[in-house]
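*Asks:* structural data only, the sequence is not supplied:
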C-alpha cells in the first residue's frame, strides 16, 4: 500500500456525509434529561457540596490513619518501647507528685 | 459573551427546556463526529444522546473559557472511544463482513487514480480500522478525516502532544499493513 493510495482513501472518506439527526432528536434528549436525577447546573458549590463529593476519599484516608496508629501502637507495645503515656507517668512520678515536687 | 453562553446561562437559571436549543445547535457536529466511528445510524443516534446526557450531567463543570462546541466535541470523542473499546471486546465473537468486488479491485490495483466510491471507502476503512486499537483509531480519524491539529487531538484525548504524534505515526503504519493484508485476502 503506497502513501498516495492511503491519501486517496482518506480523501474519499472525508467527503462522506454523516446521517442527519432525526427531527425529534432534541426533544428525545430533553425527555431523557427530565428522567435524570436533579443536577447542580450553576457550578457554585458550597463547602458542604465539596465535602460531600470528597466524603468517600476523606473517610478512607481517616480509616487508614486510624488503622496505622492502632497497628503502630500494638507494634511498639509488643516491642517493649515505652509509649507516650508511660513517659508522662514517669515525669509526673519523678517531678510533680513526689515529696521533692511542689 | 457568545450566543451559546446566553442559552447556557438561562439553563443554569432553571430554564431546563432550553437545553433542547443547545442540542439543536450542536447535534449535526456531534453526529458527524460519531459517524466516523460507527456506521449504524441507530447506534450513532444512541451515542449522540449519550453525549448530550454526559454534557448535561457535567454542565456545572463547563467554565466557558473555550467555546461550547469544542467542549461537546471532546465529550463526543470520548463517548466514541468508550464505544470502540466495548466493540473491540465484542469483535472476536462477530464474523467479519466481506469486502465488495469494487473495494477489492481498488485495493489490488496498482494505480492511484482508479475510482473509489463512498461505499467501498466505508467498507475498506471499517475493516482496516478494526486492526487498530481504539486509541489509535481515534487519533488517525481525528487527524486524517477531521483535519484536527495535534493540539486538538491532545485536548480531546487527554494525551500529550508528543504521545499523539507518536501514536499517529504508528497508527498510520499499522493501517497500511492492515490494508495490505486485506488486499492479499
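*Replies:* Now that the structure is in, tell me what you want to look at. Predicted model only: the values in this text are computed from it and were never measured. Residues are numbered from 1 along each chain as shown, chains lettered A, B, ... in the order given.

*Asks:* can you name the residues of chain A sitting close to chain B?
*Replies:* Contact residues (C-beta under 8 Å from any C-beta of the partner chain) of chain A with chain B: A:1-2, A:4-6, A:8-10, A:12-16, A:18-22, A:25-30, A:32-34, A:36, A:39-43, A:45. No exception for glycine: its C-beta is placed from N, CA and C like everyone else's.

*Asks:* of those, buried ones?
*Replies:* By neighbour count, with 16 or more other C-beta atoms under 10 Å in any protein chain shown, the residues of chain A next to chain B hold A:1, A:5-6, A:8-10, A:12-13, A:18-19, A:21, A:25-26, A:28-30, A:33, A:41 as buried.

*Asks:* pLDDT weak spots in chain B?
*Replies:* Chain B contains residues with pLDDT under 70 at B:1-2, B:91-97, B:110-114.

*Asks:* now do the helices in it.
*Replies:* B:3-12, B:19-35, B:41-57, B:68-91, B:101-108, B:118-129, B:134-140, B:150-157, B:161-184 (DSSP state H).

*Asks:* one step back: in helices only, show me the residues of chain A next to chain B.
*Replies:* For the residues of chain A next to chain B, secondary structure assignment (DSSP H) places A:4-6, A:8-10, A:12-14, A:25-30, A:32-34 in helices.

*Asks:* low-confidence ranges in chain A?
*Replies:* Using pLDDT under 70, chain A drops low at A:1, A:40-46, A:82-84, A:91, A:94-102.

*Asks:* just the strands in it please.
*Replies:* Using DSSP state E, no strands are found in chain A.

*Asks:* remind me, longest helix of it?
*Replies:* Chain A, longest helix under DSSP H: helix A:47-78.

*Asks:* report the buried residues of that helix.
*Replies:* Under 16+ other C-beta under 10 Å, helix A:47-78 has no buried positions.

*Asks:* and the closest residue to residue B:126 other than its chain neighbours, how many neighbours?
*Replies:* Of all residues not flanking residue B:126 in the chain, residue B:39 sits nearest, at 6.3 Å (C-beta to C-beta, 6 or more residues apart in numbering or on different chains). When neighbours are counted by other C-beta atoms under 10 Å in any protein chain shown, residue B:39 registers 14.

*Asks:* separation between residue B:39 and residue B:130?
*Replies:* 12 Å (C-beta to C-beta, to the nearest Å).

*Asks:* can I get the helices of chain B in a markdown table including mean neighbour count and distance to residue A:70?
*Replies:* Formatted as a markdown table, the helices of chain B follow (neighbours: other C-beta atoms under 10 Å in any protein chain shown; distance: least, C-beta to C-beta, whole Å):
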| stretch | mean neighbour count | distance to residue A:70 |
| --- | --- | --- |
| helix B:3-12 | 16 | 47 |
| helix B:19-35 | 21 | 51 |
| helix B:41-57 | 19 | 40 |
| helix B:68-91 | 18 | 42 |
| helix B:101-108 | 17 | 68 |
| helix B:118-129 | 19 | 55 |
| helix B:134-140 | 22 | 44 |
| helix B:150-157 | 19 | 44 |
| helix B:161-184 | 16 | 44 |
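
*Asks:* would a markdown table of these with distance to residue A:54 be doable?
*Replies:* Shown next, in a markdown table, are the helices of chain B (distance: least, C-beta to C-beta, whole Å):
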| stretch | distance to residue A:54 |
| --- | --- |
| helix B:3-12 | 23 |
| helix B:19-35 | 28 |
| helix B:41-57 | 18 |
| helix B:68-91 | 24 |
| helix B:101-108 | 54 |
| helix B:118-129 | 41 |
| helix B:134-140 | 30 |
| helix B:150-157 | 27 |
| helix B:161-184 | 30 |
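
*Asks:* tell me which of these sits nearest to residue A:73.
*Replies:* Comparing these by their distance to residue A:73 (C-beta to C-beta), the top pick is helix B:41-57, with 44.5 Å.

*Asks:* quick one: end-to-end distance for stretch A:14-25.
*Replies:* Across stretch A:14-25, the terminal residues are separated by 25 Å (C-alpha to C-alpha, to the nearest Å).

*Asks:* for that stretch, the distance to its chain's centre please.
*Replies:* The chain centre lies 40 Å from the centre of stretch A:14-25; the measure is C-alpha atoms, centre = their mean, to the nearest Å.

*Asks:* with stretch A:14-27 instead?
*Replies:* Averaging C-alpha coordinates over stretch A:14-27 and over its chain gives two centres that are 39 Å apart (C-alpha atoms, centre = their mean).
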